[in-house]
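Student: mind folding the following:
(one chain, ligands or ions: 2)
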Amino acid sequence: MQHKDQLFAAPLAQLGDFCFDDRVAAVFPDMIQRSVPGYSNILSAIGMMTERFAQPNSRLYDLGCSLGAATLMMRRHLTAPGCRIIGVDNSAAMVSRCRDQLAAFRSEVPVEILEADICNVAIEDASVVVLNFTLQFVDPEARLALLTRIHAGMRPGGMLILSEKFRFDDAPVNELLIDLHLDFKRANGYSELEISQKRTLLENVLRADSVAQHKARLAQAGFAHSELWFQCFNFGSLVAIKGTAHD
Ligand SMILES: C[S@@+](CC[C@H](N)C(=O)[O-])C[C@H]1O[C@@H](n2cnc3c(N)ncnc32)[C@H](O)[C@@H]1O
Ligand SMILES: O=C(O)C(=O)C[C@]1(C(=O)O)C=C[C@@H](O)C=C1
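Tutor: Ligands and ions are numbered 1, 2, ... in the order given. Presented below is the predicted three-dimensional model:
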């Protein structure tokens, strides 16, 4: 059964930091669909890109997998033989629900869901790595080290999909795209109170970078190629490819 996100509909006495606890996990599909413009388009493209980039007998990683929406897409579109998918999340509530959700659909592809910090987990022999709205929650100081480890754990020609909320250096543009996102949330039924409480809760935990910062960091981490392939307001997705000997 789908549960509607009404977590922030009533005034909260204390606005601490947003966290991915059991209450959030219980409404997460509704929350992310109504909060992230383009979320479904990005998931569909993760399926298409998996089909294209998964290499035989390699590993595919979904880092910050939540309930496994991207893992499911990858599993459904995987045609290369001998692959395994590894989903990682450090929220116990997400991991438990993710395992249930994956078990509800039949598949021959081996999938393992780990409860761990993506900054510590080993990345090995990967052809596809997904960071779908996860890097924005990692300490900015730890982001380059994580991407460098991901790059080191990938096969040549492997692909990273990095979806994020962005900030923009041009102040009027930044304001406009944030406002359009708020309109998107209003159109999806969120009240002004829900919007402002969630915004305060996210302030210290979701630290957005600009597209230029992401591209520069991906290059520094070793990725030979990267480009923004999707954007809607202040949300979007980049693709980065590890170079091969032919580059
Ligand atoms: C916005 S959700 C990701 C949505 C998901 N990828 C999808 O496509 O539906 C961010 C997730 O990242 C997880 N997360 C944040 N920081 C993490 C870390 N350092 N290690 C592991 N998981 C992390 C959170 O628990 C949360 O489930
Ligand atoms: O609701 C917002 O304003 C968001 O920034 C959306 C966002 C995200 O980008 O991850 C924030 C937290 C929830 O996990 C779902 C979506």
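Student: what about A145, neighbour count?
Tutor: A count of neighbours around A145, defined by other Cβ atoms under 10 Å, yields 13. For glycine as for every other residue, the C-beta is placed from the backbone atoms N, C-alpha and C.
Student: which residues of the chain lie near ligand 2?
Tutor: Counting by Cβ under 6 Å from any ligand atom, the positions of the chain adjacent to ligand 2 are 31-32, 35-36, 133, 165, 198, 202, 206.
Student: export those residues to TSV and tack on neighbour count and secondary structure?
Tutor: Listed next are the residues of the chain next to ligand 2 as TSV, based on neighbours: other Cβ atoms under 10 Å; DSSP: H, G, I helix; E, B strand; the rest coil:
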residue	neighbour count	secondary structure
M31	20	helix
I32	19	helix
S35	20	helix
V36	20	coil
F133	21	coil
K165	19	strand
K198	19	helix
L202	17	helix
L206	15	coil
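Student: can you redo those residues as TSV with distance to L182 and pLDDT?
Tutor: Below are the residues of the chain next to ligand 2 laid out as TSV (distance: Cβ to Cβ, whole Å; pLDDT from 0 to 100):
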residue	distance to L182	pLDDT
M31	15	93
I32	16	97
S35	11	96
V36	13	98
F133	18	98
K165	13	98
K198	11	85
L202	13	85
L206	15	95
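Student: residues touching whichever residue of the chain sits closest to ligand 1, list them.
Tutor: Per Cβ to the nearest ligand atom, G64 is where the chain lies closest to ligand 1, at 2.9 Å. Going by Cβ atoms under 8 Å, 6 or more residues apart in numbering, G64 touches 88-89, 118, 131-135, 137.
Student: please apply the same query to R149.
Tutor: I123.
Student: let me know the secondary structure of it.
Tutor: Three-state assignment for R149 (DSSP: H, G, I helix; E, B strand; the rest coil): helix.
Student: show the model's pLDDT score for it.
Tutor: Looking at R149, its pLDDT reads 98.
Student: got it, and Q2?
Tutor: So, for Q2, pLDDT stands at 67.
Student: which of the contacts of G64 lies closest to ligand 2?
Tutor: F133 (4.3 Å).
Student: isn't the closest one up against L162?
Tutor: No - taking contacts as Cβ atoms under 8 Å, F133 lies outside contact range of L162: 9.5 Å.
Student: how about the contacts of G64 in CSV, adding secondary structure and distance to ligand 1?
Tutor: Formatted as CSV, the contacts of G64 follow (DSSP: H, G, I helix; E, B strand; the rest coil; distance: Cβ to the nearest ligand atom, whole Å):
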residue, secondary structure, distance to ligand 1
V88, strand, 6
D89, strand, 4
I118, coil, 4
L131, strand, 8
N132, strand, 4
F133, coil, 4
T134, coil, 4
L135, helix, 9
F137, helix, 4
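Student: having no further points to raise, I will conclude here.
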